[in-house]
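Participant: Fold the following for me, if possible:
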Amino acid sequence: MTDELKINQRKSRGARAEQLLQDEFFKETLEKIEQDYIAAWRRSDPKDIDGREVLYSAISVVADIINHIKSIAADGRMAQKELENLEKLRQPNVA
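Facilitator: Take a look at the predicted model:
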């Protein structure tokens, strides 16, 4: 696979990630899941250490998912810049 093809794939993945981050249904779904986990954690018995740790981990996973998608989106933006730079290098210098 050529480098340019890999860069285009990163750009495409980044665009898909951006779409997810902007999608209201997706955002509402993750927010609801996170709120449900937080509510369950607050209602849990303080003595239930294992249960509370599972809920804390679940809350953290939601944040991890969002951060991973944001990372892919950022990589897609960087790939776009790389493609723009490659295109500039291909254009002949006219003085």
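
Participant: now whichever strand or helix holds residue 81, how far from the chain's geometric center?
Facilitator: Residue 81 is part of helix 49-90 when elements are defined by DSSP states H and E. With CA atoms, centre = their mean, to the nearest Å as the basis, helix 49-90 stands 3 Å off its chain's centre.

Participant: now it: mean pLDDT?
Facilitator: Mean pLDDT, computed over helix 49-90, is 95.

Participant: which helices and strands does that helix pack with?
Facilitator: Judged by 3 or more CB pairs under 8 Å, 6 or more residues apart in numbering; DSSP states H and E, helix 49-90 is in contact with helix 3-22, helix 24-43. From N, CA and C alone the C-beta is placed, and that goes for glycine too.

Participant: now the closest residue in space to residue 30 that isn't next to it in sequence: how far from residue 17?
Facilitator: The spatial neighbour of residue 30 that comes closest, neighbours along the chain excluded (CB to CB, 6 or more residues apart in numbering), is residue 62 at 5.8 Å. Applying CB to CB, to the nearest Å, the value for residue 62 to residue 17 is 16 Å.

Participant: Compare the two and say which is more crowded by neighbours.
Facilitator: Taking other CB atoms under 10 Å, residue 62 and residue 17 do not tie; residue 17 has more neighbours (20 against 17).

Participant: Quick one: residues contacting the more buried one.
Facilitator: Listed by CB atoms under 8 Å, 6 or more residues apart in numbering, the contact partners of residue 17 are 69-70, 72-73, 76.

Participant: Emit the ChimeraX select command for whichever of those are buried.
Facilitator: Selection of buried members from those for ChimeraX, criterion 16 or more other CB atoms under 10 Å:
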select :69,72,73,76
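
Participant: Any chance of TSV for the contacts of residue 17, columns distance to residue 30?
Facilitator: As requested, the contacts of residue 17 are exported to TSV (distance: CB to CB, whole Å):
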residue	distance to residue 30
69	9
70	12
72	15
73	15
76	20
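
Participant: Mind picking the one among the contacts of residue 17 that's closest to residue 83?
Facilitator: Lowest distance from residue 83 to the contacts of residue 17 (CB to CB) belongs to residue 76, with 10.5 Å.

Participant: Surely that closest one is in contact with residue 19?
Facilitator: No. The pair residue 76 / residue 19 is not scored as a contact, 10.5 Å apart, by CB atoms under 8 Å.
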